[in-house]
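Asker: no sequence on this one, just coordinates:
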Ligand SMILES: Nc1ncnc2c1ncn2[C@@H]1O[C@H](COP(=O)(O)OP(=O)(O)OP(=O)(O)O)[C@@H](O)[C@H]1O
Ligand SMILES: [Mg+2]
């Protein structure tokens, strides 16, 4: 009897060893990949935390042997401007002022449109949907020049020229967020059984009430995916802001960074500090809603 | 509102239904759709049509010029360069992103810390390309005190050849020969050799010139002292034969001249073989004792002049491909600027997580038993991957690949932010030329619109193909 | 020699509290066709995957031929596995699917061609060699999966419910095909199924597993006639054996077994009495197969009962009659010509040989 367990143990250990060896190799490879992927982010953080005087004097990696280099100095410098135009805090606010309305508008308008396309009873819904999906192919570069002119016309006609203003940027972003938003929301809503709505109708609820009290709560996961995707997309946009905010004193963070590199090409320590501020918000969004984000990425493979 | 209770239309003739009843039934539904449709018509559909129209008009959009703008596209150097760079991006980037995404997705299935690993790889997607470009700009910086890549290159290059005490200045095109004088002439392999032969008991005087005062100061060079003859030995002096007080005196030692310390020398016999070696002292003196009778030359070794490490200018436009034998246009069209490579690496860092997520989802959806069947059929892991997993993943891989093609056709932010001003031109792409031509220095519509239409036409087939793949 | 031996094979999946396979020992001789049967989730697939090398062994030993294979990768075990889902390579043609294993092993091209053609002929797949699996019917896919196993000429075939995705008619047909294949190849086969009819018709021996434990191994005949316990008795045979809890009474120095309401009683012979006596139980579970209940009274030893007819299922030659006797429900198979109506009271009997008695707590057969 005492011999049998020893045979068993030997076998089990042998198998484990074989598994562990190949696992070890994979772990090492992926460990190296992970380090490679982390280096840029870490370097950004470290540069932002090292004093200006050390920049170009010694590499940021020397911080690992001399941690006393670390200082909040750069942050004090860039925050010292407060919310004055052109400062990083002003840019942070501007980024939020653009991103939040765009996110809400895209989520709301896409949901409404998708609701109509899925649960409406008029003909031609599928056809309209196909056209909207087709609009996903339009690169936004194609629309820039005419929209600038359209904004000018609006100025001429109504005295309201959105060019150079934050609403101008928002209007453009919403438009280019809609095709994907409607695509994603429609695909999700088609999974909701019509019977649920019929029940609401039988109780006499109007369309709007059915929309916000039955459909919207059910569609929340899809809306979350869409909103996070849209938020990060707009937060990180440079091109649209460059084109439509030209000349505005308030600029989003991407333009803040772009201007810094243009005008003070060597001030990496300030630029890095600004960059850390700019990635802070999307990082929080990402880590709090990682699951939704990944789902959005999966759905947004077409974008 | 309560009137909308009968949603299922018992319509017999659709035309008849477009009456009052139809509106009454459907106006709410249509009202829900209206904001989206109006928005899209105004800001997406109309402008696209307008751009197509602009592309046939002159810069101020007043005069019809037919295909003139399209002709200009193919005769404007800037846009041809943009085409070239877009082609480089399309050829290199989608392949590597898909490949790395695949490898990483396959390997993560075998580790316990897969969640953490995936978060690390995916994280860069949420950074703005602007911020990422800045990070990578520092990483590729020319200065090895700033850029990690050049710091690593320097460390590696120092292992193989440490810089000498008198490094040549490569930026001014300095060579060993330019340090030579009448009594020290250029020798083989970047050495300097005494002009006249010497026998044991004799002395050697080797004057050099153009040694920088900074170098002399750093090395603590002293006033040269004339060497003393020694029996059965060879003594000598190496000094910077240049006096600020007597610039024309090039034969004798002057008190404000400097001996050259720390020079590695060797004594070469008449047969050309090195018989002894030594190093000069602080005043530039040296000696070889116990030298066999014969005729000798003194050689200053090439390693003394070893150039200090100069980083690779990753962010510049030196070409990766040897094209110097071709004419100007062909050269510019075939050259691959180094910065393209640096930017592609950075862009891979940004997008590999996207590929990994998509391919990972594809992997998770595979029928595991098919992979096990391959294992039982005798395939090892590599064979299973190559002959079963990858073919089964082909649809996902192509979606990732095509999505990345579309992505780099529109590549913009990374170039604007990562390429220093001097490399923006050589690194430009179509999307960047639309911006530069269309918006910097006023708004010009003609040429920029033509490029935009071309970009559109390039993107459409890839996009439609992708949509079909995803839906069907 | 390509025997397969399991020694106290045990499996615990990571994260599962219980054992999915509990100390199973089994000897499969060279050329034998053995069926693993048992209810869903009992560990059949687990056992098969462990033999194939797809699951690690928690403890115990697996021997194929004369080698302990616990540490060997699946490709080194010289076995073929036919999956329940077929697991064909969707991107390869039928030919590609069948030849893959040989190609990997670098078998010369002409040999591969010969082997595949041969297998295709046996399985009647010759005209489909250029098709992809998606263009085949379920039965054809099944045969491709078999073909993929055959061409490799392995030491042992492992099959996991290979017929469960086929319709009833095709299943009967393919069953015969596999049986023929076994004769022809003379290979060792371990065949998993939860369908006891399949097991009875094909197997040389059947191993019944329940809750990860091996309940009984034996030829179909043994299992049918002498089930080792109540579980095996109920699992083998269709419709299932009738079980009735009975009370043991002493009469005239002998023993009689009576049901609670007294509607059934068994006259025991001496051997049976001695066994119950030895077990020292005052209750037993009586088992009798529906096909062994006769529609006539009996005078000698054996079971006698009266019951009323609840439901009649007409099957052509026979009828399945659901009956109730007191508080117990029974099924009997009777000749379809017997004139019966619902509500009739019948007297049924069974011979002494047809009666099984089980321990009331452990379920172990007393005779
Ligand atoms: N990968 C796994 N991880 C954890 N538990 C598992 C795993 N595979 C199977 N089990 C558990 O092990 C037990 C045996 O499963 P197994 O698949 O062997 O059953 P089976 O006899 O093949 O059933 P079926 O007839 O339904 O195929 C079940 O309780 C199941 O839940
Ligand atoms: Mg199973």
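Answerer: That came in fine, so what should we check first? Since the model is a prediction, treat every value here as computed from it, not as a measurement. Ligands and ions are numbered 1, 2, ... in the order given.

Asker: give me every residue in chain C lying close to ligand 1.
Answerer: C:13, C:16, C:20, C:38, C:40-46, C:194 (CB under 6 Å from any ligand atom). Yep, even glycine has a C-beta here, placed from its N, CA and C like the rest.

Asker: tell me which element the residue in the stretch 201-350 of chain B positioned nearest to chain A falls in.
Answerer: Chain A sits closest to residue B:349 of the stretch 201-350 of chain B, with a gap of 6.5 Å, by CB to the nearest CB. Applying DSSP states H and E as the criterion places residue B:349 in helix B:338-364.

Asker: burial of the residue nearest to residue C:4 when sequence neighbours are not counted, as a residue count?
Answerer: Nearest residue to residue C:4 in three dimensions, chain neighbours excluded: residue C:28, at 4.3 Å (CB to CB, 6 or more residues apart in numbering or on different chains). For residue C:28, the count of nearby residues is 23 (other CB atoms under 10 Å in any protein chain shown).

Asker: gap between residue C:28 and ligand 1?
Answerer: Residue C:28 sits 18 Å away from ligand 1, going by CB to the nearest ligand atom, to the nearest Å.

Asker: pLDDT value on that residue, please?
Answerer: Note for residue C:28: predicted pLDDT of 94.

Asker: helices or strands up against the helix or strand hosting residue B:53?
Answerer: Using DSSP H and E, the element containing residue B:53 is helix B:46-54. For helix B:46-54, the packing partners by 3 or more CB pairs under 8 Å, 6 or more residues apart in numbering or on different chains; DSSP states H and E come out as helix A:144-158, helix B:446-471.

Asker: who touches the next helix or strand after that helix?
Answerer: For helix B:46-54, the following helix or strand on the C-terminal side (DSSP H and E) is helix B:68-73. Here helix B:68-73 makes contact (CB atoms under 8 Å, 6 or more residues apart in numbering or on different chains) with B:55-58, B:79, B:446-447, B:449-451, B:454.

Asker: the residue of the stretch 201-350 of chain B closest to chain A contacts residue A:40, correct?
Answerer: Yes. Here residue B:349 reaches residue A:40: they are 6.5 Å apart, a contact under CB atoms under 8 Å.

Asker: list the residues that contact both of those two?
Answerer: What both residue B:349 and residue A:40 touch, as defined by CB under 8 Å, 6+ apart, is the set B:124, B:132, B:136.

Asker: with respect to chain A, which of those is nearest?
Answerer: Distances from chain A to these, taken by CB to the nearest CB, are shortest for residue B:136, at 6.4 Å.

Asker: which neighbouring elements make contact with the helix or strand containing the closest one?
Answerer: In the assignment (DSSP H and E), residue B:136 maps to helix B:129-139. In terms of contacts (3+ CB pairs under 8 Å, 6+ apart), helix B:129-139 is packed against helix A:3-48, helix A:253-263, helix A:268-288, helix B:338-364, helix B:413-418.

Asker: need the winner for burial among the ones you listed.
Answerer: helix B:413-418 (a mean of 25; mean count of other CB atoms under 10 Å in any protein chain shown).

Asker: residues contacting that one, please?
Answerer: Against helix B:413-418 from outside (CB under 8 Å, 6+ apart): A:238-239, A:254, A:257-258, A:261, B:128-130, B:132-134, B:136-137, B:315, B:339, B:342-343, B:346-347, B:350, B:424, B:427-429, B:432, B:435.

Asker: cutoff 7 Å now
Answerer: A:238-239, A:258, A:261, B:129-130, B:133-134, B:136-137, B:343, B:346-347, B:427-429, B:432 (CB atoms under 7 Å, 6 or more residues apart in numbering or on different chains).

Asker: re earlier: nearest to chain C, of the contacts of helix B:68-73?
Answerer: Looking across the contacts of helix B:68-73 and measuring by CB to the nearest CB, the closest to chain C is residue B:454, at 36.3 Å.

Asker: which residue sits closest to that closest one, ignoring its sequence neighbours?
Answerer: Residue B:454's closest residue in space is residue B:73 (CB to CB, 6+ apart), at 6.7 Å.

Asker: now swap in residue A:215 and tell me
Answerer: The shortest distance from residue A:215 to any residue other than its chain neighbours is 5.8 Å, reached at residue A:115 (CB to CB, 6+ apart).

Asker: what does residue A:58 give?
Answerer: residue B:145 (5.8 Å).

Asker: name the element residue B:110 belongs to?
Answerer: Using DSSP H and E, no helix or strand contains residue B:110.

Asker: in terms of pLDDT, where does the nearest residue to it once chain neighbours are set aside sit?
Answerer: Counting by CB to CB, 6+ apart, residue B:110 lies nearest to residue A:26, which is 4.8 Å off, once chain neighbours are set aside. With respect to pLDDT, residue A:26 scores 89.

Asker: kindly report the same for residue C:115.
Answerer: 93.

Asker: need the helices for the stretch 151-300 of chain A, in chain order.
Answerer: A:166-189, A:194-202, A:207-210, A:216-218, A:220-235, A:239-244, A:253-263, A:268-288, A:290-299 (DSSP state H, counting those that start in this stretch).
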